[in-house]
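Asker: Please find the sequence and the predicted model below.
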Amino acid sequence: MAKRIKVFAPATVANVACGFDVLGFAVQEPGDEVIVTLSDTPGVRIHSIQGDNGRLPREAERNTVSISILNYLEKLGIHQGVEIDLIKKMPLGSGLGSSAASTVAGVFAINELLDKPMSVMDLLPFAMEGERIACGSAHADNVAPCLLGGFVLVRSYDPLDVIKLPVPKNLYATIVHPHVEVQTKDARNILRKQVELNDAVKQWGNVGGLVAGLLLEDTALIGRSLQDVIIEPVRSVLIPGFDEVKQAAMDAGALGGSISGSGPSVFALSTSMEKATVIGQAMSAAFAKYSIESDVFVSPINPEGPKVIG
Ligand code: HSE
């Protein structure tokens with residue numbers, strides 16, 4: 001049995017406009033890397049964390065990666081010493097599913113090292129618990145696409161029912177990460193708990209439209225369905241220049257777009273890598289008008305999720 005493994009897990013766009021907490025997709029990059037090493041010393045330990053500027057907890061009982069691995073080992077009744085090295089390659093509080101990527105990489109890595117006693121789908125609840133620790137809510141719309149790859153629908157949380165959807169080959173994502181920080185916990189706390197019936201009708205029409213668009217490979221329908229009348233109007237106030245950034249994406253040829261996860265990143269979908277690149281430049285230029293620097297990520301939808309890289 002191998003004693004050490006290095007796993008990459010990708011960034012994800014949660015919500016995808018209309019699907020708050022129920023839709024998400026994975027991209028090729030960025031992503032986080034985790035090295036898991038089996039040890040003869042009992043217990044699960046964080047050996048090192050790079051790239052977080054010292055912000056993530058190093059204590060095993062408080063870190064999402066180590067807690068998820070601990071829960072996994074406990075569930076299997078395995079008393080195995082484990083050392084974790086976490087390499088953060090994406091910013092915290094960015095809306096890119098940063099905590100999800102680390103947690104997924106961790107549970108995927110330990111499961112591989114132990115010769116896959118669990119299916120990938122069985123790993124999902126452990127990764128969801130990691131989200132609860134990271135931001136107070138065990139939502140699955142980052143961890144599920146991160147783990148399964150592709151475009152994922154969380155039809156139900158109780159019981160958990162997660163469906164991987166087909167994706168048209170010509171679907172590309174642009175994600176622009178402005179250099180401001182929004183904590184998921186804060187972005188959830190500002191949401192209203194009640195929804196107007198006419199807004200709900202629009203929202204579930206769009207969720208159905210988006211899923212139908214993916215199944216029918218109808219990119220125009222996907223574009224028409226990328227509308228969020230419930231969450232985006234509330235959260236967009238946390239993102240300086242949001243309306244102009246979104247408009248810039250549309251003017252540059254995007255099918256549609258919205259806030260990526262809980263923000264501040266903004267995503268757009270389009271039908272070619274060239275368009276996705278031009279859209280990214282336009283969005284970044286719109287942020288620059290507000291004196292906000294940004295990073296642009298352009299990628300096809302990532303069909304595979306985590307991968308062993310060493
Ligand atoms: N669905 C979650 C939210 C995703 O919007 O709060 C967080 O990345």
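Answerer: Yep, it's here.
Asker: need the residues of the chain near the ligand, please.
Answerer: 14-15, 20-21, 97, 139, 141-142, 184, 187-188, 261-262 (CB under 6 Å from any ligand atom). Using the backbone N, CA and C atoms, a C-beta is placed for each residue, glycine as well.
Asker: how close does the closest residue to residue 114 other than its chain neighbours get to the ligand?
Answerer: Leaving aside its chain neighbours, residue 114 sits nearest to residue 78 (7.0 Å; criterion: CB to CB, 6 or more residues apart in numbering). Note on residue 78: its distance to the ligand, by CB to the nearest ligand atom, to the nearest Å, is 30 Å.
Asker: before we move on, what about residue 251?
Answerer: Distance from residue 251 to the ligand, by CB to the nearest ligand atom: 26 Å.
Asker: Not counting its neighbours along the chain, what's nearest that residue?
Answerer: residue 282 (6.7 Å).
Asker: what's that neighbour in contact with, if anything?
Answerer: 248, 249, 251, 252 (CB atoms under 8 Å, 6 or more residues apart in numbering).
Asker: now, which of the residues of the chain next to the ligand sits nearest residue 300?
Answerer: For the residues of the chain next to the ligand, the residue nearest residue 300 by CB to CB is residue 97; the value is 17.0 Å.
Asker: Next, the residue of the stretch 151-300 of the chain found nearest the ligand: phi, psi?
Answerer: Residue nearest to the ligand within the stretch 151-300 of the chain: residue 261 (2.9 Å; CB to the nearest ligand atom). Main-chain dihedrals, residue 261, degrees, to the nearest 10: phi 60, psi -130.
Asker: What is the burial count for it?
Answerer: 29 (other CB atoms under 10 Å).
Asker: before we move on, what about the one 5 residues further on?
Answerer: With neighbours defined by other CB under 10 Å, the count for residue 266 comes to 28.
Asker: Low-confidence regions, the stretch 151-300 of the chain specifically.
Answerer: Along the stretch 151-300 of the chain, the model assigns pLDDT under 70 to no residue.
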